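[1] Would you be able to build a 3D model of this:
(one chain, ligands or ions: 1)
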Amino acid sequence: MNVGIPSEIHPLKKVIVHTPGHEVSLVNPVIKDELLFDDIIFENDARQEHLDMLKIFKAAMPEDGEVIEILDLALKCFREESVREEFIELMIKELPYENIHTIQSDLKELPAEKLLQFVVEGSIPPKRAFNLNPAPNLLFTRDLSAVVGDHIILSRAAKKARAREFLLMNMIVKHHPLFSEVKNNTINITGNQSIEGGDVLVATDKVVLIGMSERTSFSGLMNVAEKLIETGVEHVLAVDIPKQRSSMHLDTIFTFADKNECIVFPPAIEEQKDNVVDLYASGDHVQTRRCKSLKDALEEVTEQDFNFIKCGGEEQINQYREQWTDGANVFALAPGVIVGYGRNTKTFEMMAEHGYKQMDQYDFIEEFTDKSFDYKNEGKIAISFQGHELCRGRGGARCMTMPVLRSQL
Ligand SMILES: NC(=[NH2+])NCCC[C@H](N)C(=O)O
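    Presented below is the predicted three-dimensional model:
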């Protein structure tokens, strides 16, 4: 099996990432906001931080686990001339405001590597004659699709700045052998609807959470929820979240750390009431039921108790500060084994109070590079890594990963 996600926390087997490249150096202060970056970032350090994160993944994953660079997948697809042509047509159709038709014949001449460079950097050196904006957010692969069970939701971008990335992912799912088992199991939306992977969280094989956010429209959410329910998901919990920069996706304020343990940003989760709607099947209709809170809803539909760990600890000032730097955006490598930015010290302290052993990237990599890692022998661990450059793009470890395969417990 190549693709399958039973939950957010099952042991990681295959994950798609993008180590930032030159595209981030093409962001200048004038276009940074339009490109959804809060500052310009220093490519060398960002890349190093990202590579360190990948070393943690590799140390924790089984020997046959795979960390896959998205551009390797894209390049393999682009080796086929027909795929390149199809992709150029797709860009012309889906991005009419970019006027790509004016250079269609030049693009057709490009070999695979150059066409990919154009897609990611928006232009081709040395002349950089026809300039589109770069796609610096490719680093946040999470948002480009979401595997749920043995289906894959193809995202549809809410912001122009990310539209090209999403087309690239569509092309990969359609043409790359990695996705051959699921390419007929895709869930698509159309028109003006939007959904982004950062809003989709797989609690169990029967329960999926979707954020109604700045990026996922109500109609996009309803459309995807109905289709998920047709595939056998029993409950989709629609979580209404603040539509604002700091919490553009549900996973910026809520992530799973263990089977029944989550990291939450209290002001937008615990301190909200009636912000969740449970969508469930009843006969051949989808019924809705308003729930008191996310915790209530989760506990009811999973029939388990949940612990909510506070991002930033007890003090509100720290909750806000650490949410801004993605304290609530942790990525689970296995049940109770999570990765997050070390700068969110109060969040890590809270995790320690809940029984997570703290390890930094260096200790973890040193301990588990030669010795194989088995979460069943290690207990709960919170692994920190440095992300001072990466976090300026407003994304953390979960945002930077698109898991496509997790193994059974
Ligand atoms: N899943 C996430 N929270 N992704 C974060 C994406 C950040 C990116 N700069 C954007 O605004 O789109």
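[2] OK, contacts around the residue lying closest to Thr231 once chain neighbours are set aside?
    Once flanking residues are discounted, Thr231 sits nearest to His151: 5.3 Å by Cβ to Cβ, 6 or more residues apart in numbering. From N, CA and C alone the C-beta is placed, and that goes for glycine too. By Cβ atoms under 8 Å, 6 or more residues apart in numbering, the contact set of His151 is 182, 185-187, 228, 231.
[3] now swap in Ile5 and tell me
    147-149, 202, 403-406.
[4] residue of the chain with the smallest distance to the ligand?
    Here the chain gets closest to the ligand at one residue, Gly198, 2.3 Å apart by Cβ to the nearest ligand atom.
[5] which one is that residue nearest to, not counting chain neighbours?
    Leaving out its chain neighbours, the residue that sits closest to Gly198 by Cβ to Cβ, 6+ apart is His249, at 3.0 Å.
[6] where exactly do the helices run in this protein?
    For the chain, applying DSSP state H gives helices covering 43-60, 70-78, 81-94, 104-109, 112-121, 163-175, 218-230, 294-302, 316-324, 345-353, 361-368, 375-378.
[7] and stretch 330-347, what's its mean pLDDT?
    Confidence over stretch 330-347 (mean pLDDT, whole number) is 98.
[8] Please disregard the earlier target; I meant stretch 171-186.
    96.
[9] And it, how far out from the chain middle?
    Mean-position distance between stretch 171-186 and its chain equals 18 Å (Cα atoms, centre = their mean, to the nearest Å).
[10] What residues of that stretch count as buried?
    Neighbour-count burial for stretch 171-186 flags 171-176, 178-179, 182-183, 185-186 (criterion: 16 or more other Cβ atoms under 10 Å).
[11] neighbours around Gly379, how many?
    Each residue near Gly379 was counted by other Cβ atoms under 10 Å, and the total is 11.
[12] which residues touch it?
    So Gly379 contacts 336, 355, 357 (Cβ under 8 Å, 6+ apart).
[13] Glu98 touches Met91, doesn't it?
    Yes - using Cβ atoms under 8 Å, Glu98 makes contact with Met91 at a distance of 7.2 Å.
[14] Pick out whichever of these two has more residues nearby.
    More crowded of Glu98 and Met91, by other Cβ under 10 Å: Met91, with 22 against 18.
[15] For the more buried one, which non-adjacent residue is spatially closest?
    Ile100 (5.1 Å).
[16] so where do the strands sit in the stretch 251-400 of the chain?
    Using DSSP state E, counting those that start in this stretch, the strands of the stretch 251-400 of the chain run over residues 254-258, 261-264, 276-282, 285-291, 307-310, 331-334, 337-341, 357-360, 381-385.
[17] how about those strands, which one is nearest Met61?
    Distance to Met61, taken as Cβ to Cβ, is lowest for strand 331-334 among the strands of the stretch 251-400 of the chain, at 7.3 Å.
[18] Walk me through which strands the closest one pairs with, and which way each runs.
    Within its sheet, strand 331-334 is paired with strand 337-341 (antiparallel), according to DSSP bridges.
[19] quick one on the thing from earlier: most widely separated two among the contacts of His151?
    Val182 and Leu228, at 14.0 Å, using Cβ to Cβ across the contacts of His151.
[20] per-residue confidence for the residue most central in space within the chain?
    The centroid of the chain falls nearest to Arg142 when counting by Cα atoms, centre = their mean (1.9 Å). Note for Arg142: predicted pLDDT of 98.
[21] do the same with Pro126
    With respect to pLDDT, Pro126 scores 83.
[22] cool, and the one 3 residues further on?
    For Ala129, the model assigns a pLDDT of 79.
[23] Not counting stretch 72-79 itself, show me its contacts.
    Counting by Cβ under 8 Å, 6+ apart, 16, 83-84, 87, 112-113, 115-116, 119, 168, 171-172, 175-176, 178 sit against stretch 72-79.
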